[in-house]
Structure formats: C-alpha cells, structure tokens
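> Can you look at this prediction? I've put the sequence above it.
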Amino acid sequence: MIISPDDQERIDAIEKALLDRWPETRIAPSTERIAALVDILGSPQLTYPTIHVGGTNGKTTTSRMIDSLLFAHGLRTGRFTSPHLETYLERIAINGQPIDPKDLIFAYNDIAAYLDLMDTKFEHPISFFEAVTALAFVAFAEHPVDVAVIEVGMGGEWDATNVIDADVSVVTPIGFDHMEYLGNTLHEIAATKAGIIKEGGFIVLAQQEPEAAKELIRKAAEVGADVAREGVEYSVASRAVAVGGQLLTIQGLNDTYDDIFLPLHGRHQAANAASALIAVEAFFGEQPLDIEAVRAGFAAVTSPGRAEVVHRDPTIILDAAHNPHGAKALAETLSHEFNFDELIAVVGVFGDKDATGILQELEPVVDHVIVTQSSSSRAMPSSELEKIARSIFGVDRVFEISDLSSALDRAVTDAHRPLSEDTIGIIVSGSVVTVGEARTYLRKKFSQ
C-alpha cells in the first residue's frame with residue numbers, strides 16, 4: 001500500500017493520539033465505557049452481523065481464515081484483530097486488506113470528539129484498545145460490510161469487543177496467559193472467556209482441556225446456545241504435510257470438505273481451519289458450503305508472524321508464540337514439518353510473560369538460542385532472559401545480544417556455512433513485537 005506523505009502524517013498523528021490514551025496493558029475490567037461510547041455513536045456494531053473469536057492461542061489466525069472463507073463466498077468483510085505486527089492499520093481490515101488510510105482518517109474524524117466527551121464522563125478515560133475497537137466498528141458500518149469478524153482482545157466477558165451481538169462465537173484452545181486479569185486456573189480463565197457466548201447463539205468450541213471445556217459447555221447450556229465441539233460434532237478427518245503447507249479433509253456440520261490446501265504449517269493450524277470452517281457453516285445455516293469457495297478461501301489465507309517463512313537460504317521462520325502453549329505448538333511444527341540439521345532461535349520476551357515456560361518448550365528442538373529484546377518498554381532485559389535461558393539450555397548454547405537487528409544479523413551469519421552440507425534454520429519468536437520488528441528489519445535487509 002502506497003501512502004501519500006500527507007496521509008502518513010495524519011495516520012501517525014492519529015496513532016500518537018491513540019497511544020497517549022491508556023495502553024493495552026492497563027485494563028479496568030468493564031464494558032461500561034465502551035458501551036456508552038458505541039451508544040452515543042449510534043451502535044454501529046449492531047448494523048451488520050458478526051462472528052466473535054475468543055480463546056488463548058490461534059485467535060488471529062482463525063479470524064483471518066473465517067474472513068477469507070466469507071470473502072470467497074462473495075461477502076464484503078470487515079476484520080478486527082490485535083495486536084498488530086508492523087502497523088496499527090493491520091488491526092482493521094476490509095475485504096481482507098488493511099484499511100485504506102483515507103478511510104481510517106475519515107472514521108477517526110467521526111469519533112474523535114466523542115472519545116474526548118466520554119473521557120469527561122468516567123473515572124477512567126477511554127483506553128487505546130477501546131478507542132481502536134470503536135474505530136473498527138464505525139469503519140465497518142461506513143464501508144459498509146456484510147459481516148464482521150471480531151477478535152477478542154483479552155478474556156471475553158468484559159473485553160471491549162463484547163458489546164457486539166454475535167451470530168456465531170468461536171473459542172480457540174484456552175491456556176494460561178494474562179493470569180493477573182483472568183485468574184490462575186483454567187476454570188477461572190474459561191469462565192471469563194465464556195462471557196462471549198450469547199443467549200440463543202451458536203458456539204464453536206475447539207479442543208479444550210477438560211477443566212475449560214466443562215465451564216464453556218456449562219455457560220452454553222445456561223444461555224441456550226447451540227454448541228459444535230471439535231472431535232464430536234466436527235473434526236480434522238485427515239491431514240498430510242504438503243509443500244508450503246498442508247492438505248486437509250474437514251468433517252463439518254453439513255458436509256465433508258476434502259482436498260483443502262492450507263498454506264500454513266502445523267497441526268494446530270489444521271485445527272484452527274476446522275473451527276473457522278464450522279463458524280462459517282453455522283453463519284450460513286443448514287446448507288453445505290460451496291466446496292470450490294472453501295478451497296479458494298483457505299488457499300488464500302495468510303497469517304503473518306505465525307510459523308511464517310520470510311526468507312530462504314537461510315530459512316528464517318517468524319512465530320509470535322508468547323506463552324508456553326504457543327511455544328509447544330511451534331516446537332511440534334518445527335520438529336514434524338521442517339527438516340533442519342540445526343536450528344538457531346532468536347528470542348525476545350515481554351517481562352510479564354512466562355519466559356521459562358516458553359524456553360522449556362523450545363529447548364528440545366533448538367540447538368542454540370540468541371536472547372535479545374524488542375524496543376517495547378515491556379520487553380524483558382536480554383541480560384535477565386540470558387540467565388533464564390542458561391538455566392534451561394546450559395551456558396554453551398546461549399548467546400546474548402540486546403539489539404534485535406544485531407541478534408538477527410548474528411543468526412544469519414551463523415547459519416551461513418559454505419563448506420557444510422547441513423541445513424541451518426532460524427526461528428524468531430517470543431513476542432508479537434519481537435516478530436513484528438524482525439519482520440520489518442529482515443524485509444529491508446534482504447531487499448537490498
């Protein structure tokens with residue numbers, strides 16, 4: 001996307017104004033402010049049908065898959081996801097593409113005065129995430145879209161996105177993350193995430209730990225929602241690794257869908273694909289989906305920063321795994337779907353994340369690790385991460401380079417072995433910001 005200097009200046013000014021609000025990491029668990037804001041805006045989020053995607057891991061990719069399937073079936077789509085990798089424009093997508101800067105400027109001008117007004121009415125101001133959520137709702141209404149796919153920011157019950165009245169809700173696998181807000185047991189976390197299950201709605205439940213599944217099904221029964229469970233009402237019937245991705249057969253609610261090429265790696269992505277397909281089936285109703293549209297929709301899916309190969313020779317893979325659950329899925333994908341003789345990891349983690357758990361999951365598949373840090377104020381200092389890494393990998397397998405671009409350069413240098421026949425791979429992981437910054441740097445580095 002080519003952005004004019006004037007538009008870029010305005011886009012940057014809007015981002016600064018949004019970032020001057022409460023950051024995403026600071027939350028007052030309540031939908032009171034966002035409910036009042038969308039009410040004064042005329043409830044734009046109720047002017048189109050919605051599909052709501054919650055859970056712990058796989059939310060963004062599942063949202064992207066649902067979006068692609070709906071678009072392949074001829075619908076105008078809106079998609080709201082978070083966080084972003086490289087630019088905040090990615091969070092609001094129209095017909096699968098980041099919002100046009102002019103459309104974002106137009107939508108922001110519509111809501112700016114109302115944001116300031118709401119700030120005066122509550123003890124806490126409208127936060128960054130609440131403001132961006134409202135911006136997405138307005139942009140989708142103004143486009144207008146036929147359907148919007150909305151990813152939960154955090155939790156569910158009190159998340160800013162939960163002012164929508166979703167036709168279909170999806171809960172991807174629930175694991176441990178954001179425990180300071182969501183609770184320390186899977187039961188507590190699932191209870192908060194179950195808050196997106198709407199009365200008389202339809203809920204798609206990916207494979208869950210028993211403790212989480214029990215709570216989700218209890219909530220669905222309480223509000224009279226229909227439930228489709230992975231492994232019961234739907235499943236991945238077959239899966240084969242293919243060049244550049246995998247070939248799937250998915251047993252849906254209304255049909256069996258075969259010969260689906262998914263250009264993403266990992267068993268977990270096959271499961272995400274199944275959940276996405278069922279959500280779209282439920283959205284359209286009783287009839288089977290058009291198999292050619294299903295195949296086209298999945299073939300067009302991209303998921304930046306999720307087991308994404310961004311370069312060959314050496315092969316560099318970006319994966320935004322930022323908790324042990326995500327790191328475990330990444331490790332499984334690396335060991336089963338890539339054939340490296342040696343693997344170098346470049347890892348930068350946020351200070352409030354389970355760095356020990358992430359590194360423990362990666363240790364069996366990684367030969368040595370370069371610990372680093374992103375530019376985020378939330379980044380764990382690389383010196384601190386080095387101590388944790390040494391306790392898991394041992395002293396000889398750990399290197400510390402605090403500057404991310406220098407760490408990436410070192411990994412690329414280490415992977416070049418002219419006299420060796422070995423294939424050396426590089427994985428960059430640990431946080432969305434680490435991966436986003438690496439993606440920007442590597443694109444420039446290899447375009448020269």
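That came through, no problem.
> all helices of the stretch 151-300 of the chain, in order?
For the stretch 151-300 of the chain, applying DSSP state H, counting those that start in this stretch gives helices covering 179-182, 186-193, 210-223, 267-284, 291-299.
> Distance to Trp22, mean neighbour count and mean pLDDT added to those helices, as CSV?
All C-beta atoms are positioned from the backbone trio N, CA, C, and that covers glycine. Listed next are the helices of the stretch 151-300 of the chain as CSV, based on distance: least, C-beta to C-beta, whole Å; neighbours: other C-beta atoms under 10 Å; pLDDT from 0 to 100:
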stretch, distance to Trp22, mean neighbour count, mean pLDDT
helix 179-182, 14, 15, 57
helix 186-193, 20, 21, 87
helix 210-223, 29, 17, 94
helix 267-284, 31, 26, 97
helix 291-299, 37, 18, 98
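> Redo those helices as TSV? Include distance to Asn339.
Listed next are the helices of the stretch 151-300 of the chain as TSV, based on distance: least, C-beta to C-beta, whole Å:
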stretch	distance to Asn339
helix 179-182	37
helix 186-193	35
helix 210-223	34
helix 267-284	17
helix 291-299	24
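> closest to Glu157 out of these?
Closest of these to Glu157 is helix 186-193, at 5.1 Å (criterion: C-beta to C-beta).
> Low-confidence ranges, the stretch 1-150 of the chain, go.
Low-confidence segments of the stretch 1-150 of the chain (pLDDT under 70): 24-28.
> can you give me the helices in it?
5-19, 32-40, 59-72, 101-119, 128-142.
> Does anything pack onto the shortest one? Which helices or strands?
Think helix 32-40. On a contact count with 3 or more C-beta pairs under 8 Å, 6 or more residues apart in numbering; DSSP states H and E, helix 32-40 meets helix 101-119, helix 128-142.
> 6 Å - rerun?
With contacts defined as 3 or more C-beta pairs under 6 Å, 6 or more residues apart in numbering; DSSP states H and E, helix 32-40 has these neighbours: helix 128-142.
> hang on, the earlier thing: for Ile51, find the nearest of the helices of the stretch 151-300 of the chain.
helix 267-284 (5.6 Å).
> what's in contact with the closest one?
For helix 267-284, contacts defined as C-beta atoms under 6 Å, 6 or more residues apart in numbering pick out 51, 58, 61-62, 65-66, 69, 167-168, 170, 202, 204, 206, 228, 234, 236, 239, 248, 250, 252-254, 262, 329.
> With distance to Pro381 added, can I get the helices of the stretch 1-150 of the chain in TSV?
Putting those into TSV (distance: least, C-beta to C-beta, whole Å) gives the following:
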stretch	distance to Pro381
helix 5-19	23
helix 32-40	34
helix 59-72	27
helix 101-119	34
helix 128-142	24
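> export those to JSON lines and tack on mean neighbour count and distance to Glu86?
Output for the helices of the stretch 1-150 of the chain, formatted as JSON lines (neighbours: other C-beta atoms under 10 Å; distance: least, C-beta to C-beta, whole Å):
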{"stretch": "helix 5-19", "mean neighbour count": "14", "distance to Glu86": "12"}
{"stretch": "helix 32-40", "mean neighbour count": "18", "distance to Glu86": "26"}
{"stretch": "helix 59-72", "mean neighbour count": "26", "distance to Glu86": "14"}
{"stretch": "helix 101-119", "mean neighbour count": "17", "distance to Glu86": "14"}
{"stretch": "helix 128-142", "mean neighbour count": "25", "distance to Glu86": "16"}
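> re the thing from before, compare the helices of the stretch 151-300 of the chain and give me the one nearest Leu408.
Leu408 sits nearest to helix 267-284 of all the helices of the stretch 151-300 of the chain, at 24.7 Å, using C-beta to C-beta.
> Can I get the closest one in CSV? Just the C-alpha atoms.
What follows is helix 267-284 as a C-alpha-only set of coordinates in CSV (Å, rounded to 0.1, in the frame of the first residue of the first chain):
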residue,chain,number,x,y,z
ARG,A,267,-1.3,-29.4,13.3
HIS,A,268,-2.7,-26.5,15.4
GLN,A,269,-3.4,-24.6,12.1
ALA,A,270,-5.4,-27.5,10.8
ALA,A,271,-7.5,-27.4,14.0
ASN,A,272,-7.9,-23.6,13.6
ALA,A,273,-9.0,-24.2,10.0
ALA,A,274,-11.7,-26.7,11.1
SER,A,275,-13.0,-24.3,13.7
ALA,A,276,-13.1,-21.5,11.1
LEU,A,277,-15.0,-23.7,8.6
ILE,A,278,-17.6,-24.6,11.2
ALA,A,279,-18.1,-21.0,12.2
VAL,A,280,-18.8,-20.1,8.5
GLU,A,281,-21.1,-23.2,8.1
ALA,A,282,-23.0,-22.1,11.2
PHE,A,283,-23.2,-18.5,9.9
PHE,A,284,-24.7,-19.6,6.6
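> and the angle from it to helix 59-72?
50 degrees (axes from the mean of the first three to the mean of the last three C-alpha atoms, to 10 degrees).
> Helix 267-284 versus helix 291-299: what angle between them?
Using the same axes, to 10 degrees, the inter-axis angle of helix 267-284 relative to helix 291-299 is 140 degrees.
> Done for today, thanks.
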